[in-house]
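Undergrad: please find the sequence and the predicted model below.
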Amino acid sequence: MKRFPLPLIAAVLLAVAGLAGLVRGAEPAAPAASTATTAMEPQRPIVVSGAYVREPANGINAAAYFTISNTTDKPEVLTAVTSGAGAQTTLHTASMRPSAGLSIPARGAVTLSPGKGHVMIEKLYGPLKPGQSVNFQLSFSRSGQVLLTAPVIAVTAPVPTEEPE
Ligand SMILES: [Cu+2]
């Protein structure tokens, strides 16, 4: 198998990174050393999977859904969520009320799904269309900040199925 020269690979990676930066809602990288969770850790304590944002019907609010797995032996709490796609991002219960926090049991998982709760992006800065994605920053009581990218799926699209990473 022919090996590609390293400079070429680096250039391709840079191009991909540049494109990702154009995605709506992209946020600047989190400031370094803001939490104890760093790339040095071989395994992340919190794993988020199956994330998606439903294309909003009204262009004002959008809802995001995902599964949070807590791989540690201590309970975790999702305390806040932010995104760059709207003026406000809030954790909501199924009945659209703001939620103070979402508890994830030790060695357990919690799924936000229609009827069970969601992350609400309010006062959208612009339309969200399938093919775009939204970046979120999740804040956990113990594990600190976790970044998440969720694809926007069409109003009529089925819920994506994704095995936990
Ligand atoms: Cu809501």
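TA: That came in fine, so what should we check first? As the structure is a computational prediction, the values presented were derived from the model and not from experiment.
Undergrad: going by C-alpha atoms from here, please, whenever you check contacts or count neighbours.
TA: Noted.
Undergrad: show me the contacts for whatever residue of the chain ends up closest to the ion.
TA: Taking Cα to the ion as the measure, the point where the chain comes nearest the ion is residue 96, at 3.9 Å. With contact taken as Cα atoms under 8 Å, 6 or more residues apart in numbering, residue 96 is in contact with residue 117.
Undergrad: and it, helix, strand or coil?
TA: Using DSSP: H, G, I helix; E, B strand; the rest coil as the criterion, the local structure at residue 96 reads coil.
Undergrad: and the pLDDT at the residue at minimal distance from the centre of the chain?
TA: Among the residues of the chain, the one closest to the centroid is residue 148, at 2.7 Å (Cα atoms, centre = their mean). Note for residue 148: predicted pLDDT of 96.
Undergrad: so which residues on the chain come close to the ion?
TA: 96, 120 (Cα under 5 Å from the ion).
Undergrad: run the last query once more with 6 Å
TA: Residues of the chain found near the ion (Cα under 6 Å from the ion) are 92, 96, 120.
Undergrad: the strands in this structure, which residues?
TA: 46-54, 62-70, 76-83, 86-92, 102-104, 109-112, 118-124, 133-140, 144-153 (DSSP state E).
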